[in-house]
Structure formats: structure tokens, C-alpha cells
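Student: Just to be clear, the model below is a prediction. Sequence and coordinates:
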Amino acid sequence: MERKVRVRFAPSPTGPLHIGGVRTALYNYLFAKKHGGDFLLRIEDTDQTRFVPGAEEYIIEAFDWLGIKFDEGQGIGGDYGPYRQSDRKPMYKEYADKLIETCWAYYAFDSPEELDNVRKEFEKEKKNFQYDCNTRAALKNSLSLSKEETNTLLENNTPYVIRFKFPKDTEIIIHDLIRGEVRMNSNLLDDKVLYKSDGMPTYHLANIVDDHLMKISHVIRGEEWLPSCPLHVMLYKAFGWEDTMPKFAHLPLLLKPEGNGKLSKRDGDRLGFPVFPLEWQDPISKETSSGYRETGYFPEAVINILALLGWNSGTEQEIFTLEELIDIFTIERISKSGAKFDLEKAKWFNHQYFQLMPNDKIAEEYLKILKEKGFNASLEFAEKVVSLVKERCSFVQEIWDQSSFFFLRPETYDQKIIKKRWKEDTPQRLGEIADILNSITDFSVETTDQAVHSFIEKNELNMGQIMNCLRLSIVGEGKGPNLFEIICLIGKEETLERINTAIETIGKNE
């Protein structure tokens with residue numbers, strides 16, 4: 001009988017969640033849903049020295065915002081809890097002791113100072129020290145000490161760690177679903193610490209025990225964990241769990257936009273984009289880091305961005321719903337090489353979703369920006385503005401730059417347009433257009449447009465010159481949507497005021 005697919009995302013609460021971690025969770029989610037499986041959230045907080053208050057809550061809130069739902073786990077519940085490792089602490093000692101009993105692990109009593117001295121001795125000979133099968137016999141552990149000496153140290157509560165005992169000259173084979181077969185010789189591996197005398201397991205022991213007890217079928221994680229995989233494979237062998245060992249898939253790194261090295265917060269700060277899903281304030285330094293949510297990205301866009309960073313659909317399609325991604329996702333299409341983060345492409349994705357968003361929803365958010373700037377507008381007015389400038393924007397915050405002229409009269413005028421288009425008779429012609437607009441009762445887009453164009457054609461004037469100068473007087477620049485949409489939205493009185501002000505102002509400066 002084929003095993004049920006069960007995957008987990010297991011972050012450590014050491015700070016904000018990096019988007020690389022979000023992508024890992026997304027791939028796990030897509031894989032689980034594609035195969036009718038379960039997706040778990042486990043909090044791996046064995047390293048209490050790095051614990052950051054609020055980080056766990058941040059992780060849960062981030063996935064709520066993204067719409068990625070866990071089937072069981074921390075904050076959700078399930079049959080395999082608790083799902084926070086610190087709450088599982090008492091059980092790990094039993095498994096560490098089992099490894100001691102079966103000679104797959106040993107007690108090591110070396111103090112940090114003693115290990116530091118050994119390290120310095122190796123450095124003198126220009127060698128790197130590693131606690132492994134070649135050095136452990138000369139160090140202070142239960143393999144080099146007698147049974148009596150070991151027991152005395154334990155009875156005296158001497159601080160210790162339990163280290164994994166890698167066998168000598170053993171070829172360890174990892175079958176990775178993305179990278180194929182990976183081989184490593186045990187002589188090159190250090191005897192990792194699995195358990196400390198303070199009662200806390202390290203990541204390696206807790207991770208393997210929890211994956212086994214939670215019946216995890218596939219471990220899909222970042223490639224930074226590939227060097228640890230030989231140890232994890234050997235732990236399954238040591239515990240006698242080889243038959244239920246999960247299949248491994250190590251994802252490619254998210255790279256800096258220029259391609260060299262892993263994407264970091266520093267890169268985001270340097271280039272002006274977020275590397276976290278939500279804004280984060282460090283509880284100690286109080287430094288605030290930007291988030292995709294607060295920057296104006298839609299959660300659907302973030303999912304789309306991350307899905308295609310390291311995976312391809314095999315089609316030309318780029319915009320996918322979560323349901324579509326579930327339907328076509330396969331591990332086989334995940335790349336082995338790192339994926340460069342492309343800020344412009346990320347903006348492009350958000351632009352696509354921005355165009356699909358209803359104008360009234362965008363207008364509700366835009367009203368908040370207007371209020372901050374001291375303007376009171378109706379939802380109806382804001383919605384009309386949004387409908388006119390939306391296609392030029394990718395974020396709500398960009399609407400102001402594209403529409404400020406609806407609320408502010410020009411204080412300056414584009415000198416390039418003046419130099420190219422403003423002629424000696426322009427003030428007179430604009431004055432005549434103002435009179436025409438003033439005489440119109442039905443001040444609509446169609447009526448104003450027809451009246452002005454008829455005037456220009458009747459008088460055989462240069463259409464480009466007059467229309468550019470009319471826009472200049474209304475907007476102050478050569479930008480903006482259909483000019484008559486602007487005129488009709490700001491109203492007749494405001495339109496005439498702006499034309500007259502431009503005639504007086506530009507005329508004086510000429």
C-alpha cells in the first residue's frame with residue numbers, strides 16, 4: 001500500500017520569515033495538495049538562545065495573509081502534537097539514550113575551552129579541526145574513556161553532549177528527488193551533537209524523531225540542508241527506521257538579483273524591496289524591515305512570484321491561481337540551479353493582479369492615502385480616479401503620483417513642453433477654449449471633447465500644439481489619462497481656473 005503524502009514546514013522562531021522559507025512552504029503545500037496529502041506546521045525551537053519573541057506569531061500570520069492553509073500543526077492542532085519542539089522536550093532523551101545503547105552515539109565531555117585549545121593546535125599545523133572518526137579517540141568522550149570514568153563524570157553531573165558516531169569508511173547514499181544520487185564518505189563528516197546535558201536536543205535529533213513520529217513521507221527543504229542529509233539518513237538507519245525514511249528533495253537557493261550568493265535582507269535594503277512577507281520590527285533593536293504586504297503586494301502575486309522562482313510549468317502561462325498551481329505542480333520541474341530574484345518581474349506580477357482588482361476595492365485603500373495627505377474625497381470620486389490611472393500602476397501607493405493633479409492645481413509647468421509647444425498666440429487660443437468650455441451646459445467627456453476638437457479644426461490650428469498646451473494648463477505636465485476625462489472629473493469651474501492661471505503664469509514668464 002502506498003504511503004499517504006505528509007509534508008511539513010518546520011521554521012525556527014528566530015526572527016521574520018524569509019521569502020525563501022515561504023517558497024519552501026509553498027512547494028510543500030502544492031505537493032501535498034496535488035497528492036491529496038497533509039501539510040503540517042511544526043515550530044523547531046530547540047535552540048532557545050536564538051528564540052525571538054513574536055516570531056512564531058509572525059510566521060502564522062504570514063501564512064494566513066498568503067492564504068496557505070495548514071492541515072495540522074502549531075496553532076491548528078492534530079493527532080501528532082504537540083507541534084512545538086520545546087513542548088516535546090521530555091521525549092528526546094529516550095531516543096538519544098537509545099543511540100548510546102546501540103553504540104550509534106557517545107558521550108563527549110570536552111569543555112568549550114578544551115576544544116578551543118585543540119582547534120588552535122590544528123591551526124598551528126594549518127589544518128582544520130573536526131570532531132570525527134579520526135580525532136575522537138584522542139578527545140574526552142565515552143569512546144576514549146573507560147566505562148568507570150564515563151559513569152563517574154555522569155554521576156558528578158559533568159556537562160556533556162551526545163554526539164553521533166559515524167562509522168569509518170562508509171559510503172552514504174542520498175536519493176534526492178531533485179538532484180539524483182548524492183554520495184558522501186563518512187570519513188569526511190563530523191560527529192554532530194545530537195543532545196545536550198541541559199535536556200535540549202539539537203535540530204538534527206529532534207528533526208528526525210519528529211519526522212518519524214509525525215509520519216512525514218517527503219522532506220522538501222532548502223539546499224542549505226543537503227550537507228546535513230548524510231547524518232539524517234544515518235540516523236534513520238541507526239534507529240532502524242529505514243523502511244519509513246521520507247524521500248528527500250533539496251530546493252535551489254533564491255539568489256541575489258545579480259546572481260551571486262543567497263538573497264539576504266541586506267540585498268533588499270540595498271535595492272529597495274522586501275525579503276519578508278510581512279513588515280517586521282526587531283523587538284530588541286526596534287529596527288523595522290519592510291514586508292510584501294505593507295509594500296502593496298497582493299498575496300496572490302507573491303505566491304505567483306515564488307512559485308516560478310526555481311520551478312517551471314512547462315507552458316508559456318505565467319499567471320496562476322493557487323488551484324492551477326496545485327494541479328500542475330511536480331517536483332520533476334524544480335530546477336537544480338539557484339533562481340535569481342527579479343524585482344522588475346515581481347512588480348510585473350503585482351501589476352497583473354492590480355489590474356484584476358475591482359476599482360472600488362482599490363479606491364477604498366486610496367481614500368486612506370488621500371486622507372493622510374489632507375484630502376477628503378467621496379468613494380465615487382476616488383473610484384473614477386482609480387479607473388483612469390489604474391493601468392499605469394502596480395501598487396495602490398503609485399496612484400497618487402499618477403493622479404495628484406485631480407486634487408492639486410499645477411504650481412509649476414513643464415519647461416520642455418513650453419519651449420516646444422507654447423507659441424505667441426497660445427494664450428489667446430486657450431482663452432477662446434475657456435470661453436467655449438464655459439458655454440457648455442452638458443459638461444460631459446463627449447461634449448467637451450467634440451467642442452474643443454471642432455474649434456481646433458475649424459480654425460485650422462495645430463492639434464498637437466493646442467492639446468499639449470491645454471493639458472499643460474490643467475496638469476502642469478504632459479502626463480495623465482484622457483484630458484477630457486480629467487476636465488470633466490475636476491469640473492468646469494476648476495478647469496477654467498486652471499486655464500486662466502496658466503495663461504497668466506506662463507505668459508508672464510515668456
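Tutor: Alright, I've got the coordinates. Numbers count the residues shown, from 1 in each chain.
Student: Pull the residues that contact the longest helix seen in the chain.
Tutor: The residue-count maximum for a helix in the chain (DSSP state H) belongs to helix 492-509. Outside helix 492-509, the residues that touch it by CB atoms under 8 Å, 6 or more residues apart in numbering are 409-410, 413, 418, 422, 427, 430-431, 433-434, 437-438, 440, 443, 470, 472-474, 487, 490. In short, each C-beta sits where N, CA and C put it, glycine included.
Student: again, only using 7 Å
Tutor: 409-410, 413, 418, 422, 427, 430-431, 434, 437-438, 443, 472-474, 487 (CB atoms under 7 Å, 6 or more residues apart in numbering).
Student: And for stretch 179-197?
Tutor: Contacts with stretch 179-197, where a contact means CB under 7 Å, 6+ apart, come from 92, 96, 105, 130-133, 136, 159-176, 201-202, 204-205, 230-231, 250, 336.
Student: measure that stretch end to end?
Tutor: By CA to CA, to the nearest Å, the extent of stretch 179-197 from end to end equals 37 Å.
Student: Which positions in that stretch come out as buried?
Tutor: For stretch 179-197, burial by neighbour count (16 or more other CB atoms under 10 Å) applies to 179, 182, 184, 186, 189-195.
Student: ok, now stretch 164-182?
Tutor: By neighbour count on 16+ other CB under 10 Å, the buried set for stretch 164-182 is 164-166, 170, 172, 174, 176-179, 182.
Student: R270: neighbour count?
Tutor: 11 (other CB atoms under 10 Å).
Student: List the contacts of it.
Tutor: Contacts of R270 by CB under 7 Å, 6+ apart: none found.
Student: Can you pull the phi/psi pair for K416?
Tutor: phi -70, psi -40 (degrees, to the nearest 10).
Student: what's the answer for V161, then?
Tutor: phi -130, psi 160.
Student: can you pull the alpha-carbon coordinates of stretch 307-314 into CSV?
Tutor: Extracted C-alpha coordinates of stretch 307-314, given in CSV (Å, rounded to 0.1, in the frame of the first residue of the first chain):
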residue,chain,number,x,y,z
ALA,A,307,6.2,29.5,-7.5
LEU,A,308,8.2,30.4,-10.6
LEU,A,309,11.5,31.0,-8.8
GLY,A,310,13.0,27.6,-9.3
TRP,A,311,10.1,25.8,-10.9
ASN,A,312,8.6,26.0,-14.3
SER,A,313,5.2,24.9,-15.5
GLY,A,314,6.4,23.7,-18.9
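Student: Buried residues, stretch 484-498. List them.
Tutor: Quick answer for stretch 484-498 (16+ other CB under 10 Å): 484-490, 495-496, 498.
Student: thinking again about what came up before, which members of the contacts of helix 492-509 are classed as buried?
Tutor: By 16+ other CB under 10 Å, these give 410, 413, 418, 422, 427, 430, 434, 437, 443, 472-474, 487 as buried.
Student: related to what we said a few turns ago, max pairwise distance over the contacts of helix 492-509: which two?
Tutor: Within the contacts of helix 492-509, I418 and F443 form the most distant pair, 27.5 Å apart (CB to CB).
Student: which residues sit against stretch 59-74?
Tutor: 11, 13, 17, 22, 25-26, 29, 38-43, 75-76, 78, 80, 83-84, 277-278, 293, 299, 302-303, 322.
Student: Emit the PyMOL select command for whichever of the residues you listed are buried.
Tutor: Command for PyMOL that selects the buried part of these, burial taken from 16+ other CB under 10 Å:
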select buried, resi 11+13+17+22+25+26+29+38+39+40+41+42+43+78+80+83+84+277+278+293+299+302+303+322
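Student: From the contacts of stretch 59-74, which land in helices?
Tutor: 22, 25-26, 29, 293, 299, 302-303, 322.
Student: just the helices in the stretch 351-500 of the chain please.
Tutor: Secondary structure of the stretch 351-500 of the chain (DSSP state H, counting those that start in this stretch): helices at 359-372, 379-389, 399-403, 415-421, 426-439, 445-458, 463-475, 483-490, 492-509.
Student: Counting neighbours, what do you get for the closest residue to G268 other than its chain neighbours?
Tutor: Distances taken as CB to CB, 6 or more residues apart in numbering place V275 nearest to G268, at 4.0 Å, with adjacent residues excluded. The number of residues packed around V275, counting by other CB under 10 Å, is 24.
Student: swap in E323?
Tutor: Neighbourhood size, E323 [other CB under 10 Å]: 8.
Student: quick one: it from K33, how far?
Tutor: With distances taken as CB to CB, to the nearest Å, E323 is found 9 Å from K33.
Student: what do you get for N117?
Tutor: 53 Å.
Student: higher neighbour count, those two?
Tutor: Shown here are N117 and K33; by other CB under 10 Å, K33 has more neighbours (22 against 11).
Student: residue contacts, that one?
Tutor: With contact set as CB under 7 Å, 6+ apart, K33 has these partners: I326.
Student: Tell me the secondary structure at it.
Tutor: helix (DSSP: H, G, I helix; E, B strand; the rest coil).
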